[in-house]
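**Q** Provided below for reference: sequence and predicted model.
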Amino acid sequence: MPPLTTGGRAEVSVSDPGELRSLRKHLRRIPGVVDVDEIAGPPARAALLIVTADRGTLTRAVRTLPAYIRSRRSRACVTVRAADWTITLHADGGGKEAPGRLRLKRLRG
């Protein structure tokens, strides 16, 4: 993978490879998201490279992730890694009827 810049690029990974298609669809709906591509790697690795028009759009995309992972029926973990920060979000599942708890595990930067 090419090095991440401080602009609107980040690697977004999800704990369940089965959620990759759903996460990609979610991110592509955000205005200002230029591209969302799967990062090649081992089958167990589920990661996307998100490219946005600017860093503000990347921030807005990251802010949508808590609602996304809360809507998942099973436990979910999403990690976003940019050039100068990393954030990992965990939710314990529950789906739309009973949104799960959300925990911020790590913030660097």
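**A** Sure, I can see it. Remember, it's a predicted structure, so these values are computed and weren't measured experimentally. Residues are numbered from 1 along each chain as shown.
**Q** The most centrally placed residue in the chain pairs with what?
**A** Closest residue to the average C-alpha location of the chain: Val12 at 4.1 Å, with C-alpha atoms, centre = their mean. Beta-bridge partners for Val12, by DSSP bridges, are Leu48, Val80.
**Q** thought it was touching Leu27?
**A** Yes: assessed by C-beta atoms under 8 Å, Val12 is found in contact with Leu27 at 7.0 Å. C-beta: built from backbone N, CA, C; applies to glycine.
**Q** shared neighbours, the two?
**A** Common neighbours of Val12 and Leu27, counting by C-beta atoms under 8 Å, 6 or more residues apart in numbering, are Leu48, Ile50.
**Q** per-residue pLDDT, the residue nearest to the centre of the chain?
**A** On pLDDT, Val12 comes in at 93.
**Q** Contact partners for it?
**A** So Val12 contacts Leu23, Leu27, Ala47, Leu48, Leu49, Ile50, Leu65, Val78, Thr79, Val80 (C-beta under 8 Å, 6+ apart).
**Q** switch to 7 Å and redo it
**A** Leu23, Ala47, Leu48, Ile50, Val78, Val80 (C-beta atoms under 7 Å, 6 or more residues apart in numbering).
**Q** Neighbour count added to those residues, as TSV?
**A** As requested, the contacts of Val12 are exported to TSV (neighbours: other C-beta atoms under 10 Å):
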residue	neighbour count
Leu23	24
Ala47	19
Leu48	20
Ile50	25
Val78	23
Val80	19
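**Q** Reformat those residues as a markdown table; add distance to Pro17 and pLDDT.
**A** Output for these, formatted as a markdown table (distance: C-beta to C-beta, whole Å; pLDDT from 0 to 100):
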| residue | distance to Pro17 | pLDDT |
| --- | --- | --- |
| Leu23 | 10 | 92 |
| Ala47 | 9 | 91 |
| Leu48 | 11 | 93 |
| Ile50 | 17 | 93 |
| Val78 | 13 | 89 |
| Val80 | 17 | 91 |
